[in-house]
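Undergrad: When you get a sec, could you give me coordinates for this:
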Amino acid sequence: MTTAHQEHGLEDLCAAGTELYTSALREGRVPQGAANSAPCLVDLGLLQPHVEDAHWLEPVAPAVALHRFLRSAADRIADERRREERLAAVFEPLMRIDGRRTTGADTPTIEVLSSLQQINLAITKAMAQAGTELLAIQPYNGRPTKALAESMERDQALLDRGGRIRTLYQHTLRHSPAVAARHELLKGDLEARSLNEVTERLLIVDRSVAFIPANTDRTMAVEVRNPAMVAYLATTFDRLWRLATPMYPQAAQQPSLNGITPRQQAIAALLIEGHTDATIAERLGLNIRTARVHIAKLAATLGSESRAQLGYLIGQSGILKQEEQQGREP
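TA: Numbers count the residues shown, from 1 in each chain. This is a model prediction of the structure:
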């Protein structure tokens with residue numbers, strides 16, 4: 001009993017079709033009846049009637065067939081993109097409406113804030129209603145002076161109401177003038193710690209609402225009011241906080257290990273994972289030139305003459321085991 005031929009696309013060309021098409025390409029033609037075992041070749045346009053004898057089928061050149069199908073796929077993609085643009089044009093003005101008014105006030109929500117003005121307004125509103133704490137991860141300090149001043153006003157108002165602020169920075173910001181000035185100007189229950197690597201910016205207000213970036217340049221954000229998600233983010237912050245090094249009000253210095261600084265220890269861990277200089281610099285908040293200076297000093301300390309040898313010497317030195325042990329300390 002002959003098995004019925006299953007319909008399929010060109011990308012799923014069946015074995016019978018592949019075999020017959022290969023034969024047609026080698027011979028230049030195949031009898032029309034041969035296509036009965038693989039009708040897909042005619043349906044997909046890979047075989048077509050011979051121009052001089054309809055009893056034969058001749059193959060379409062693979063390059064021609066591929067170009068035709070790719071062009072068809074490109075046209076479908078273009079149509080979908082045009083459809084997406086039309087949908088975005090319809091919904092964009094609707095998304096500006098405060099959707100929270102359409103449901104109960106205590107309904108869990110996740111809202112996209114599509115401009116810096118919306119982000120600032122939402123954070124200001126959440127901070128004005130806060131009375132307990134602000135948990136923050138700040139991986140950078142490149143905010144405009146006006147935005148920095150507004151955030152300090154919000155923070156001080158929370159401190160004045162008896163709230164507390166806990167902030168995580170990267171180690172590269174431990175001696176930043178802007179960070180130091182913030183600590184000097186704010187008065188109240190304020191603490192800061194630092195880590196070699198931190199997540200993207202995160203704000204958690206009273207463990208009831210969180211703000212996270214929604215794109216790489218941080219011009220969009222997501223406001224999260226879903227209790228489960230906010231609790232997850234708060235737990236992540238708490239665990240990072242326990243691993244971090246105190247920075248303010250009283251700083252604690254990470255010890256050097258066998259002449260290798262804490263920064264070089266962090267670089268060594270990333271080198272052993274095979275990361276490039278550029279990736280290492282990005283993850284540790286350094287410029288690439290500074291990262292390379294630290295790598296050179298690390299190589300000199302360990303007596304390495306090549307990148308490959310440096311990885312071996314890092315593994316033999318034991319500094320990664322000591323760094324891992326320090327990371328587990330409360």
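
Undergrad: Would you map the strands across the stretch 51-200 of the chain?
TA: If you assign secondary structure with DSSP state E, counting those that start in this stretch, the strands in the stretch 51-200 of the chain sit at 56-59, 110-113, 133-138, 164-170, 189-195.

Undergrad: Can you lay out these as TSV showing mean pLDDT, mean neighbour count and distance to Leu25?
TA: Backbone N, C-alpha and C define where each C-beta goes, glycine included. TSV is the format used below for the strands of the stretch 51-200 of the chain (pLDDT from 0 to 100; neighbours: other CB atoms under 10 Å; distance: least, CB to CB, whole Å):
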stretch	mean pLDDT	mean neighbour count	distance to Leu25
strand 56-59	88	20	5
strand 110-113	89	14	52
strand 133-138	93	21	60
strand 164-170	92	20	60
strand 189-195	90	19	61
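
Undergrad: Serialize those to JSON lines and add fields for distance to Leu158.
TA: What follows is those, written out as JSON lines (distance: least, CB to CB, whole Å):
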{"stretch": "strand 56-59", "distance to Leu158": "74"}
{"stretch": "strand 110-113", "distance to Leu158": "20"}
{"stretch": "strand 133-138", "distance to Leu158": "6"}
{"stretch": "strand 164-170", "distance to Leu158": "7"}
{"stretch": "strand 189-195", "distance to Leu158": "10"}
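
Undergrad: Which one of those strands lies nearest to Met127?
TA: Judged by CB to CB, the one of the strands of the stretch 51-200 of the chain that comes nearest to Met127 is strand 133-138, at 7.1 Å.

Undergrad: tell me the angle that closest one makes with strand 164-170.
TA: Relative orientation of strand 133-138 versus strand 164-170 (axes from the mean of the first three to the mean of the last three CA atoms, to 10 degrees): 10 degrees.

Undergrad: ok, and what's touching strand 133-138?
TA: Where contact means CB atoms under 8 Å, 6 or more residues apart in numbering, the residues beyond strand 133-138 that reach it are 127, 155, 158, 163-169, 173, 198-207, 234, 237, 240.

Undergrad: Counting neighbours, which of these end up buried?
TA: Buried members of those, scored by 16 or more other CB atoms under 10 Å, are 127, 155, 158, 163, 165-169, 173, 198, 201-207, 234, 237, 240.

Undergrad: Check the gap between the nearest residue to Ala244 once chain neighbours are set aside and Leu168 for me.
TA: Counting by CB to CB, 6 or more residues apart in numbering, Ala244 lies nearest to Arg193, which is 3.5 Å off, once chain neighbours are set aside. Computed with CB to CB, to the nearest Å, the distance linking Arg193 and Leu168 is 6 Å.

Undergrad: Find residues that contact each of these two.
TA: 241, 244.

Undergrad: How many neighbouring residues does Ala299 have?
TA: Applying the criterion other CB atoms under 10 Å, we find 19 residues in the vicinity of Ala299.

Undergrad: ugh, typo on my part, it should be Asp160
TA: Taking other CB under 10 Å as the criterion, the count of residues near Asp160 is 10.

Undergrad: Kindly report the same for Asp79.
TA: A count of neighbours around Asp79, defined by other CB under 10 Å, yields 10.

Undergrad: per-residue pLDDT, it?
TA: Model confidence at Asp79, given as pLDDT, is 82.

Undergrad: Same question for the one 5 residues further on.
TA: pLDDT for Glu84: 81.

Undergrad: what do you get for the one 10 residues further on?
TA: According to the predicted model, the pLDDT of Leu94 comes to 73.
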